[in-house]
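Participant: Sequence unavailable; structure follows:
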């Protein structure tokens, strides 16, 4: 792995949108102060599960510029749709914390039920669906009023949580029951279940809300589920030369907006799989840090960031070349990551 | 205490709603009756009795697994029920198990000595499946092959192989072996010797503990002299009931580590196992039992979970079908050890990583990197197919 000056790298990029953005950025830098340049830079936020902090990475300099103290065992992390608020699952503090990104201060704490691990925000920007790992529940909270709207019984160790982009479905995965639980967001009741492989960890809806990608950590697979019928239509398997199949443990899944790629983080296999999102063929395996779990794109999706728990760092993948181009050291056991413009 | 009460309340509500679902659709609900059969011999007087062992070891694991099974089952209309056969005497316990078998129960998890298990297994025949969650006996995995028995508890050989691999990695190859006088201790010592030979260690001196002094007071005086032998790299102890072994560490003639049944210990499960989602299992268990989960609890939990995983897949509680699925590579069983778990086709032993622990931390997990095997490195622990006479499949 090698380091490159990120500004130079951006100018060499083949993606016009990136180039335009960076040129504008450089022009801006000539006209305004360095301070406002910092304000324009893309920023990544990483939850550090064993440090009780969030690392703030400036994606221009690829440096950690700030470390925010949060509650105990921070895991799930997501942004409000306007990118102004950061939501954190402080699992061992039994609450969700909201950070105002303008000040990087915790401004609110939401009741979450016990041991919140992952969560998803409805497209109305109000209903937060939280999986309560210890209690086999999904808790729905209104982020404005802090009111608990519903608690829904699901299988043992609810983990992955996703809300369809059209807002109709909330899907929870239960790691020990090996199921996807389909919650109708109109009624907040459980209406269907789909059996998948062992330890389903994460779900990701396609942009059109028609397909659901579900990873199974111990099963070693990603299942493609048809949202209309709730049936599994494809199973993706992974194989990396020199790595025992047991160590290939799919967790995070990210789909590119252009419909081209799905990226699947393979945990202790220390690789991210690149899947053709149309044919489901595995195209490539990218070597990253150790025990890779979750991922986030930057704004124009030219970069993909991965959290590597055991090596305590974030790998930066260049989406054009499908190569890891940078590594940023963060706190202990980084879990999740999001990026703001 | 408040969060504990809230947690139990949630659990209670979850159970309540589960039972409501079951009764409202009784007609097409599949009821799965499972029995937990438990009897443990009195270990006799133990010197190291400061921290007592839990009396419900195993049972609590089985009970938690039933809750786990039902949480999946209620979505599939499968209702799991646990029946318990456990009396103060062995014959009464076995009679209680026979009574359950006569009532039609065919799925058993046992915490029994190997002879009692073999007796029940032969009586019940192949339309029953018994899962051994109580005997470490190597004979059950090598020549005393029981066609209707699976083992979730690791064998002694698996434990000592796990330790021997780690000691090899740390280059601690000259062993002083100290064993107790009981049959279990002799069996553990034999397993240690087998592992030593298998992984290129040398037992340079061997001693049998026969003292009856109270070592809580005199260990500092007795043990250094007792361990004054030719030089060794490590002391390995075979003291399964925990009689004297706790007093060996820090008192050895040479300043050397202690491993085996005390000191650095290979185990099926321990409180310090927390990765791969194990923290959640530990939390659930502690909320239910009010104590830490141990190897017997974990083995019983895995036994009931095996039934659950198989019934979920088969949509049937037929014991022969569950046995066949369990011995295939299709059983979706997860045990929070970071690897897919499966049963060995020759002797029904569950393959699993073995944690090596000291009382307050995980030291390592075996198999160690670099110990290779043509099929799976998990089979470097315990009796591999060519070493066992059993051919269940």
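Facilitator: That came through fine. These numbers come from a predicted model, not from an experiment. Numbers count the residues shown, from 1 in each chain, chains lettered A, B, ... in the order given.
Participant: Where does pLDDT dip in the chain?
Facilitator: You didn't pick a chain, so chain A it is. Along chain A, segments meeting pLDDT under 70 span A:1-40.
Participant: That was the other one, I meant chain B.
Facilitator: Where chain B drops to pLDDT under 70, the residues are B:1-27, B:49.
Participant: And it, split by domain according to the record?
Facilitator: Domain assignment for chain B, taken from automatic domain parsing, gives B:2-154+B:269-352, B:157-266.
Participant: can those go into CSV with extra columns for mean neighbour count?
Facilitator: Using the backbone N, CA and C atoms, a C-beta is placed for each residue, glycine as well. Shown next, in CSV, are the domains of chain B (neighbours: other Cβ atoms under 10 Å in any protein chain shown):
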stretch, mean neighbour count
domain B:2-154+B:269-352, 20
domain B:157-266, 20
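Participant: and residue A:161, that one's in a strand?
Facilitator: Yes - assignment of residue A:161 by DSSP: H, G, I helix; E, B strand; the rest coil places it within a strand.
Participant: Go through the domains of chain B and name the closest to residue A:301.
Facilitator: Residue A:301 lies closest, by Cβ to Cβ, to one member of the domains of chain B: domain B:2-154+B:269-352, at 30.7 Å.
Participant: Now render the domains of chain B as JSON lines, adding distance to chain A.
Facilitator: Formatted as JSON lines, the domains of chain B follow (distance: least, Cβ to the nearest Cβ, whole Å):
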{"stretch": "domain B:2-154+B:269-352", "distance to chain A": "4"}
{"stretch": "domain B:157-266", "distance to chain A": "16"}
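Participant: Select, out of these, the one closest to residue B:384.
Facilitator: Of these, nearest to residue B:384 by Cβ to Cβ is domain B:2-154+B:269-352, at 8.5 Å.
Participant: And the residue of the stretch 1-150 of chain A that's closest to chain B?
Facilitator: Closest residue of the stretch 1-150 of chain A to chain B, Cβ to the nearest Cβ: residue A:135 (4.5 Å).
Participant: Report whether residue B:101 is found in a helix, as I expect.
Facilitator: Yes - assessed with three-state DSSP, residue B:101 lies in a helix.
Participant: Please report phi then psi for the closest residue to it other than its chain neighbours.
Facilitator: For residue B:101, ignoring the flanking residues on the chain, the nearest one in space by Cβ to Cβ, 6 or more residues apart in numbering or on different chains is residue B:124 at 5.5 Å. Dihedral pair for residue B:124: phi -80, psi -30, per degrees, to the nearest 10.
Participant: can you tell me how far residue B:124 sits from residue A:72?
Facilitator: 49 Å (Cβ to Cβ, to the nearest Å).
Participant: next one: residue A:205
Facilitator: Computed as Cβ to Cβ, the residue A:205 to residue A:72 distance reads 30 Å.
Participant: Looking at these two, which is more packed in?
Facilitator: Comparing residue A:205 with residue A:72 by other Cβ atoms under 10 Å in any protein chain shown, the one with more neighbours is residue A:205, at 21 against 12.
Participant: I'd say that one and residue A:214 touch.
Facilitator: No - the pair residue A:205 / residue A:214 is not scored as a contact, 10.2 Å apart, by Cβ atoms under 8 Å.
Participant: Touching both of these two, which residues are there?
Facilitator: residue A:171 (Cβ atoms under 8 Å, 6 or more residues apart in numbering or on different chains).
Participant: tell me the SS of residue B:123?
Facilitator: Three-state call for residue B:123 (three-state DSSP): helix.
Participant: next one: the one 3 residues further on
Facilitator: Classification of residue B:126 by three-state DSSP places it in coil.
Participant: what sits against it?
Facilitator: Counting by Cβ under 8 Å, 6+ apart, residue B:126 touches B:147, B:148, B:320, B:323.
Participant: let's go with 10 Å and repeat that
Facilitator: B:146, B:147, B:148, B:319, B:320, B:323 (Cβ atoms under 10 Å, 6 or more residues apart in numbering or on different chains).
Participant: Let me know how buried the residue of the stretch 51-200 of chain A found nearest chain B is, in neighbour terms.
Facilitator: Nearest to chain B, among the residues of the stretch 51-200 of chain A, is residue A:177, at 3.8 Å (Cβ to the nearest Cβ). A total of 28 residues lie near residue A:177 under the criterion other Cβ under 10 Å.
Participant: Enumerate the residues of the stretch 51-200 of chain A near chain B.
Facilitator: A:73, A:91-92, A:94, A:113-115, A:117, A:132-137, A:151, A:153-157, A:159, A:174-179, A:181, A:190, A:192-199 (Cβ under 10 Å from any Cβ of the partner chain).
Participant: Residue B:75 contacts residue A:172, doesn't it?
Facilitator: No - in this structure, residue B:75 is not within contact of residue A:172 by Cβ atoms under 10 Å, at 11.9 Å.
Participant: What's opposite residue A:221 in the beta bridge?
Facilitator: Beta-bridge pairing for residue A:221 (DSSP bridges): residue A:216, residue A:237.
Participant: what residue is smack in the middle of chain B?
Facilitator: In chain B, the centroid-proximal residue (Cα atoms, centre = their mean) is residue B:153; its distance is 3.1 Å.
Participant: what sits against that residue?
Facilitator: With Cβ under 10 Å, 6+ apart, residue B:153 has these contacts: B:58, B:110-111, B:131-137, B:140, B:159, B:268-269, B:295-296, B:298-300, B:302-303, B:349-350, B:352.
Participant: which ones among those residues are found in helices?
Facilitator: Those of those mapping onto helices are B:140, B:159, B:295, B:296, B:298, B:299, B:300, B:302, B:303, per DSSP state H.
Participant: Now list the buried members of the residues of the stretch 51-200 of chain A next to chain B.
Facilitator: A:73, A:91-92, A:94, A:113-115, A:117, A:132-137, A:151, A:153-157, A:159, A:174-179, A:181, A:190, A:193-199 (16 or more other Cβ atoms under 10 Å in any protein chain shown).
Participant: related to what we said a few turns ago, the residue of the stretch 51-200 of chain A closest to chain B is in contact with residue B:67, isn't it?
Facilitator: No - counting by Cβ under 10 Å, residue A:177 stays clear of residue B:67, with 11.5 Å between them.
Participant: Identify the contacts common to these two.
Facilitator: Joint contacts of residue A:177 and residue B:67 (Cβ under 10 Å, 6+ apart) are A:136, A:156.
Participant: Give the next helix or strand downstream of the helix or strand residue B:163 falls within.
Facilitator: Element membership for residue B:163, per DSSP states H and E: helix B:156-169. Counting by DSSP H and E, the next helix or strand C-terminal to helix B:156-169 is strand B:174-179.
Participant: what is the orientation angle of the helix or strand following that following strand with strand B:174-179?
Facilitator: Downstream of strand B:174-179, the next assigned helix or strand under DSSP H and E is helix B:183-198. For helix B:183-198 against strand B:174-179, the angle by axes from the mean of the first three to the mean of the last three Cα atoms, to 10 degrees is 160 degrees.
Participant: now helix B:183-198, how far from the chain's geometric center?
Facilitator: Centre-to-centre, helix B:183-198 and its host chain are 17 Å apart (Cα atoms, centre = their mean, to the nearest Å).
Participant: of all the contacts of residue B:126, which comes closest to residue A:254?
Facilitator: For the contacts of residue B:126, the nearest to residue A:254 is residue B:323 (41.5 Å; Cβ to Cβ).
Participant: dump the residue contacts of the closest residue in space to that closest one that isn't next to it in sequence.
Facilitator: In space, and not counting its chain neighbours, residue B:323 is closest to residue B:129: 5.0 Å by Cβ to Cβ, 6+ apart. Contacts here follow Cβ under 10 Å, 6+ apart; on that basis residue B:129 touches B:34, B:106-109, B:121, B:147-150, B:303, B:306-307, B:310, B:318-324, B:326, B:348.
Participant: What about those residues, which are in helices?
Facilitator: Cross-referencing the contacts of residue B:129 against helices under DSSP H gives B:121, B:303, B:306, B:307, B:310, B:319, B:320, B:321, B:322, B:323, B:324, B:326.
Participant: Hmm, the fifth one is touching residue B:331, no?
Facilitator: Which is residue B:310. Yes - in this structure, residue B:310 is within contact of residue B:331 by Cβ under 10 Å, at 6.2 Å.
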